[in-house]
Structure formats: C-alpha cells, structure tokens
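Engineer: Next input, structure requested:
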Amino acid sequence: MDKEIHIRNLVYKYISNQCDGHEQDELLRHLQTPAGKWVFDEVMTSEAGKIFTKSEEIEPAVSNRLLGRLKQSMVAEEALHEQPLPFYRKRSFIQIAVATLLLLAVLAIYWFTA
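Structural biologist: Here you go, the predicted model:
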C-alpha cells in the first residue's frame, strides 16, 4: 500500500510539474509495471475531471513535456515489437529443420530394416 501511495504522489508531482529528473525516471520505471499502470489509471480517472475542467490552461512546457514523454514511450514500445526474429526462430527455418529430421529418420529406418 505504501508503494501505491508513493507512485500516486509521483504521478501528482509529475502532472503538476514538480518532479525532478530522478523522480520522473522512477515514475517511468513504475509505469512499466502492472501495479504502476493501475495506479496511474486510477489517478487519471479520478483526477481527469479536476485537471481538465479548471479555467486555467496547462502550461505549454508541461504539456510539451507530457507529449514528448508519451511519444518516447510509444516509439520505444514500437521498437520492441519491430525487432526481427533470429533466423532459428522463424517459421520457415523450423519447418525445414523438422522436415530434414523426418527425412533422416525415414532413411535411418529404411537403412536398418533393409
């Protein structure tokens, strides 16, 4: 529960532009865990009305920083999914290896029974 409160406080500090670099990095590490994502969703759900119905606008520096972090995380996530598979994990290699092993097994059986 203390970790949840800590993450929640980091989210509030980040939204209000009071986080230093170390706290931002810590928050981003927490957001990569299921618990951190859950806390972030809870905060955003509960505070979205308060944040976006205020008469004052969000400072451009804050909105640009938030947008930049979101873009960075999206690019990083896409890069993880676009990495090519090594040749030995591709379907065609596995099919060729299985076919070769079956052919060798059939030849071995034929050789020893003949």
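
Engineer: Now do the helices for this structure: every range, in order, please.
Structural biologist: 2-15, 21-30, 34-52, 60-81, 91-113 (DSSP state H).

Engineer: highest average neighbour count across the ones you listed?
Structural biologist: Highest mean neighbour count among those (mean count of other Cβ atoms under 10 Å): helix 2-15, with a mean of 16. To be clear about C-beta, it is placed using only N, CA and C from the backbone, and glycine gets the same treatment.

Engineer: what comes into contact with it?
Structural biologist: 19, 23-24, 26-27, 30, 35-36, 39-40, 42-44, 47, 51, 62 (Cβ atoms under 8 Å, 6 or more residues apart in numbering).

Engineer: Low-confidence bits of the protein, can you list those?
Structural biologist: 1, 47-59, 62, 76-83, 85, 87 (pLDDT under 70).

Engineer: Show me the domain layout of it.
Structural biologist: Domain assignment for the chain, taken from automatic domain parsing, gives 2-83, 85-114.

Engineer: Now do the shortest one: distance to the chain's middle.
Structural biologist: Taking Cα atoms, centre = their mean, to the nearest Å, the mean C-alpha location of domain 85-114 is offset from the chain mean by 37 Å.

Engineer: Kindly report the same for stretch 30-49.
Structural biologist: Using Cα atoms, centre = their mean, the offset of stretch 30-49 from its chain centre is 14 Å.

Engineer: Thank you kindly, that will do.
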